[in-house]
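J.: Have a look at this prediction, sequence included:
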2 protein chains.
Amino acid sequence: MEIIKSSENKKFKSLKKLLTKKERENTKTFLIEGKNIIEEAKKYNKILTYITDDINKIEDNIFYIDKKLKESLSSLKNSNEDIALVKYLEKKEISSNTILLIDNVRDPSNLGTILRTCLAFGVKDIVLSENTVDLYNSKTLRASEGAIFSLNILRDNLLNFISKHKEYKVLSTSLKANDLSALDNTKKIIVIGNEGNGVSKEILDISDEYLKIPIKNIDSLNVAIATSIILYENSK
Amino acid sequence: MEIIKSSENKKFKSLKKLLTKKERENTKTFLIEGKNIIEEAKKYNKILTYITDDINKIEDNIFYIDKKLKESLSSLKNSNEDIALVKYLEKKEISSNTILLIDNVRDPSNLGTILRTCLAFGVKDIVLSENTVDLYNSKTLRASEGAIFSLNILRDNLLNFISKHKEYKVLSTSLKANDLSALDNTKKIIVIGNEGNGVSKEILDISDEYLKIPIKNIDSLNVAIATSIILYENSK
């Protein structure tokens, strides 16, 4: 067994490049880190290579590297977690009665937390707008806690997507609503929006109904919090 | 008007020290950053000194420093926000029917998000366990979006606190519950727990009832998400 120690190693260099979004897009692969998410990826048969500094670890396709090199692939300080190289997710047909559309969410931890909550409330079809943060960002992946492998996550122009799914009512979060009663619809697209600005005007204009969580004292909730409350209410 | 440029300036050095928890505790003061939170602090008359590199800014008690020094007081990269020196919050008598106890929450952003949500659902009395993350951590403050100035936040031994509030039912989040029906109680202490381990055994043992959000597919939600759903349900 060979333990790679040189940062000039070809395979190591190709892994290191995956810290950039561009290279992830080119190769349709990404890195994940930590026991739980690696377990999930394994369940779904997504792992191409395990990357570890633990010579006692035995799996197919292990790439052994020393601690220093492994740390340089990590997005965390002083991480002791294993890493894996994984294939991009596949896109499936939309099959559920509730679809979540995410319109320009910018914070990767917010996106990851929303995805984890989607899985908890059984919402499996999710569409990211073109300007929503990268799904394969290390912070998105960490906050999602491995939920991404069980979900069907598309990226599309949201107006386009809506126009192709006319059988669904479109419910957008908006300050002009009073409550969550619009969730009564059976087949629904729920749209949540940007941290600062909410759902974009173009989508508000074509929405059928609106959603607002009744709150006091402040104007808005964090977008992951608001989404979770909506999905919780929708699951009841 | 003098613009301080030297990192050896005495006042600057004393501000810089406030980046440590120890110095904040010693002086009972802390730094806040950003327009919204500064507005909130001003409303509550908490600001001792404004710290800015904008010579057009006029307020009482301004400390003008150059951009580089200001950046070194910031917890953000390339921040252009003003900073203010603020007095610690005062503790008030408990006055509400719902009290939130936070047992060993470690992530400052989680704590801040929880506090913002407390305000949105009208829960104003909050008790932090001794091992819960620092309230005056810059990440806590940022995620709280200024909510802290409208809340009554104590830090106490939670068992002690519970023993002194016998008129309240104690409801802890726990996997052994089935739902949120225990929220029906009028005077209640809600206990939420650590990110990995939940509410500590000592508190579970003396709790009157238990709370669990019905979820599928995964074992748990992020603690800020779970707390928000509980406070939302409690507000209905």
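T.: That came through, no problem. This is a predicted model, so every value here is computed, not measured.

J.: just for chain A, where's the confidence low?
T.: The model of chain A has pLDDT under 70 over residues A:78.

J.: could you redo the last one with a cut-off of 80?
T.: Residue ranges of chain A with pLDDT under 80: A:1, A:57-60, A:75-80.

J.: Contact partners for A:Ser207?
T.: By C-beta atoms under 8 Å, 6 or more residues apart in numbering or on different chains, the contact set of A:Ser207 is A:Val170, A:Leu171, A:Ser172, A:Ser174, A:Val191, A:Val199. Backbone N, C-alpha and C define where each C-beta goes, glycine included.

J.: Could you tell me which of those residues belong to helices?
T.: Mapping the contacts of A:Ser207 onto helices (DSSP state H) picks out no residues; all lie outside.

J.: Quick check: the two most widely separated of these?
T.: A:Val170 and A:Ser174 (11.5 Å; C-beta to C-beta).

J.: Show me what from chain A comes close to chain B.
T.: Within chain A, the positions near chain B by C-beta under 8 Å from any C-beta of the partner chain are A:109, A:113, A:116-117, A:119-122, A:143, A:145, A:147, A:150, A:213-218, A:221-222, A:224-225, A:228-229, A:232-233, A:235.

J.: Apply the buried test to the residues you listed and list what passes.
T.: Neighbour counting with 16 or more other C-beta atoms under 10 Å in any protein chain shown marks A:109, A:113, A:116-117, A:119-121, A:143, A:145, A:147, A:213, A:215, A:221-222, A:224-225, A:228-229, A:232-233, A:235 as buried within those.

J.: Which secondary structure state does the residue lying closest to A:Ser220 once chain neighbours are set aside sit in?
T.: With sequence-adjacent residues excluded and distances taken as C-beta to C-beta, 6 or more residues apart in numbering or on different chains, A:Ser220 is closest to A:Ala226, at 7.4 Å. For A:Ala226, the assignment made with DSSP: H, G, I helix; E, B strand; the rest coil gives helix.

J.: cool, and A:Cys118?
T.: Applying three-state DSSP: A:Cys118 is helix.

J.: Next one: it from A:Tyr210, what distance?
T.: 21 Å (C-beta to C-beta, to the nearest Å).

J.: Also A:Asn234?
T.: A:Asn234 is 15 Å from A:Tyr210, by C-beta to C-beta.

J.: one step back: give me the more crowded residue out of A:Val170 and A:Ser174.
T.: Legend: neighbour count by other C-beta atoms under 10 Å in any protein chain shown for A:Val170 and A:Ser174, higher for A:Val170 (23 against 17).

J.: which ones are touching the closest residue to A:Ile225 other than its chain neighbours?
T.: Leaving aside its sequence neighbours, A:Ile225 sits nearest to B:Ser228 (C-beta to C-beta, 6+ apart; 4.5 Å). Applying C-beta under 8 Å, 6+ apart to B:Ser228 gives the contacts A:Leu221, A:Ile225, A:Ser228, A:Ile229, B:Thr113, B:Ile114, B:Thr117, B:Phe121.

J.: Surely the fourth one is in contact with A:Asn222?
T.: So that's A:Ile229. No - between A:Ile229 and A:Asn222 there is no contact under C-beta atoms under 8 Å: 10.5 Å.

J.: what about A:Ile162, neighbour count?
T.: 21.

J.: What is the three-state secondary structure of it?
T.: Assignment for A:Ile162 (three-state DSSP): helix.

J.: So in terms of bridging, what pairs with A:Val86?
T.: On the basis of DSSP bridges, A:Val86 is bridged to A:Phe30, A:Ile47.
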